[in-house]
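**Q** missing the sequence, but the structure's below:
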Ligand SMILES: Nc1ncnc2c1ncn2[C@@H]1O[C@H](COP(=O)(O)OP(=O)(O)O)[C@@H](O)[C@H]1O
Ligand SMILES: [Mg+2]
């Protein structure tokens with residue numbers, strides 16, 4: 001049993017992992033410039049016609065922000081996330097992250113940049129079924145290689161610390177199929193944190209979980225944002241979305257509204273809030 005509850009809002013990662021925690025080291029200055037999308041469009045070819053998934057999206061996310069993105073299915077949420085992380089390329093427009101125009105990086109540079117700067121969590125966890133929880137969490141550390149990243153035993157210790165943070169230290173040697181959905185998603189979060197990236201992106205991470213488990217997962221993300229990570233969270237769950245510090249509503253490939261928590265409270269004093277997912 002852990003003495004500290006990592007999900008309690010007054011427990012910090014520093015408390016959980018100790019003062020020397022690699023998670024609590026300050027972010028390099030170069031990464032403190034946030035994420036900027038400038039007039040980003042995405043057009044998919046569809047036979048002889050084209051389909052415009054994004055029509056000129058501009059937004060700016062500061063480091064340490066906790067942003068929820070909501071919108072109906074097909075509105076362009078995943079496309080926005082994938083363009084932000086360089087997984088997908090925009091048809092036009094600019095993406096600046098950490099002071100870099102990532103549109104100018106080569107495929108190799110982009111993959112390396114992503115490996116070091118972005119942790120991604122998916123709806124269906126995407127754990128490798130034949131690897132234990134610990135091995136799954138260690139995978140990004142191996143992929144990064146020993147030159148830039150962490151060495152042998154240090155990798156194992158980091159991975160175990162990450163599993164402890166999501167309260168799965170005791171399940172380190174379990175295979176994904178021996179874990180519940182919520183536990184698998186916590187392993188996936190530990191894996192996303194492996195290289196201590198400043199940016200965490202989650203595409204409907206609670207979409208396949210019951211609402212109580214979803215709350216727990218959401219709390220981990222909120223905690224990470226409080227620790228200074230930039231967290232961008234796509235969800236259909238309006239109750240969860242309301243708990244983020246900033247709420248962006250996407251509709252038909254465009255931003256319908258973009259409100260900070262403070263302004264949302266102000267406006268809800270006058271009118272009832274309307275949030276629509278699907
Ligand atoms: N590779 C693709 N080819 C053609 N259309 C696509 C492709 N990927 C996404 N789309 C379309 O772009 C729109 C936005 O998709 P997406 O960003 O996945 O929406 P969301 O995540 O909000 O459900 C959808 O209409 C989808 O069908
Ligand atoms: Mg999607």
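**A** Thanks, I have it. Note that the coordinates shown come from a computational prediction; the quantities given were computed from them, not determined experimentally. Numbers count the residues shown, from 1 in each chain. Ligands and ions are numbered 1, 2, ... in the order given.
**Q** Could I get the full set of helices for the protein?
**A** 13-17, 77-84, 107-117, 133-148, 152-165, 181-192, 211-226, 238-241, 261-270 (DSSP state H).
**Q** Those helices: which one's closest to residue 203?
**A** helix 77-84 (5.5 Å; CB to CB). Every C-beta, even on glycine, is put in place using the N, C-alpha and C of the backbone.
**Q** packing partners for that closest one?
**A** Applying 3 or more CB pairs under 8 Å, 6 or more residues apart in numbering; DSSP states H and E, one finds that helix 77-84 contacts strand 35-46, strand 49-61, strand 66-70, strand 92-97, strand 199-203, strand 230-234.
**Q** which bits of this protein sit near ligand 1?
**A** Counting by CB under 6 Å from any ligand atom, the chain comes close to ligand 1 at 44, 51, 53, 71, 73, 74, 75, 76, 77, 78, 79.
**Q** of these, closest to residue 225?
**A** Nearest to residue 225 among those: residue 77, at 18.6 Å, using CB to CB.
**Q** Let's see the pLDDT reported for the closest one.
**A** Looking at residue 77, its pLDDT reads 95.
**Q** Also residue 129?
**A** Note on residue 129: pLDDT of 95.
**Q** Around it, how many other residues sit close by?
**A** 8 (other CB atoms under 10 Å).
**Q** Enumerate every residue touching the closest residue in space to it that isn't next to it in sequence.
**A** Once flanking residues are discounted, residue 129 sits nearest to residue 176: 5.5 Å by CB to CB, 6 or more residues apart in numbering. By CB atoms under 8 Å, 6 or more residues apart in numbering, the residues touching residue 176 are 125, 127, 128, 129, 131, 133, 136, 184, 187.
**Q** ChimeraX command to pick out the buried ones of the residues you listed?
**A** Restricted to buried positions by 16 or more other CB atoms under 10 Å, the ChimeraX selection for the contacts of residue 176 reads:
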select :125,127,133,136,184,187
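**Q** about what we covered before: please work out which of the helices of the chain is packed deepest.
**A** helix 181-192 (a mean of 24; mean count of other CB atoms under 10 Å).
**Q** what helices or strands is it leaning on?
**A** Counting by 3+ CB pairs under 8 Å, 6+ apart, helix 181-192 packs on strand 118-121, helix 133-148, helix 152-165, helix 211-226.
**Q** will you turn those into a markdown table that also has mean pLDDT?
**A** As requested, the helices and strands packed on helix 181-192 are exported to a markdown table (pLDDT from 0 to 100):
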| stretch | mean pLDDT |
| --- | --- |
| strand 118-121 | 92 |
| helix 133-148 | 80 |
| helix 152-165 | 89 |
| helix 211-226 | 89 |
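**Q** can these go into CSV with extra columns for distance to residue 89?
**A** Formatted as CSV, the helices and strands packed on helix 181-192 follow (distance: least, CB to CB, whole Å):
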stretch, distance to residue 89
strand 118-121, 16
helix 133-148, 22
helix 152-165, 31
helix 211-226, 27
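**Q** Save the helices of the chain as a markdown table, and put in distance to residue 62 too.
**A** Formatted as a markdown table, these follow (distance: least, CB to CB, whole Å):
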| stretch | distance to residue 62 |
| --- | --- |
| helix 13-17 | 20 |
| helix 77-84 | 14 |
| helix 107-117 | 15 |
| helix 133-148 | 25 |
| helix 152-165 | 24 |
| helix 181-192 | 20 |
| helix 211-226 | 11 |
| helix 238-241 | 19 |
| helix 261-270 | 14 |
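**Q** how about the residue nearest to the spatial centre of the chain, what does it touch?
**A** The centre of the chain sits closest to residue 201, judged by CA atoms, centre = their mean, with a distance of 1.9 Å. By CB under 8 Å, 6+ apart, the residues touching residue 201 are 81, 84, 85, 118, 119, 120, 121, 232.
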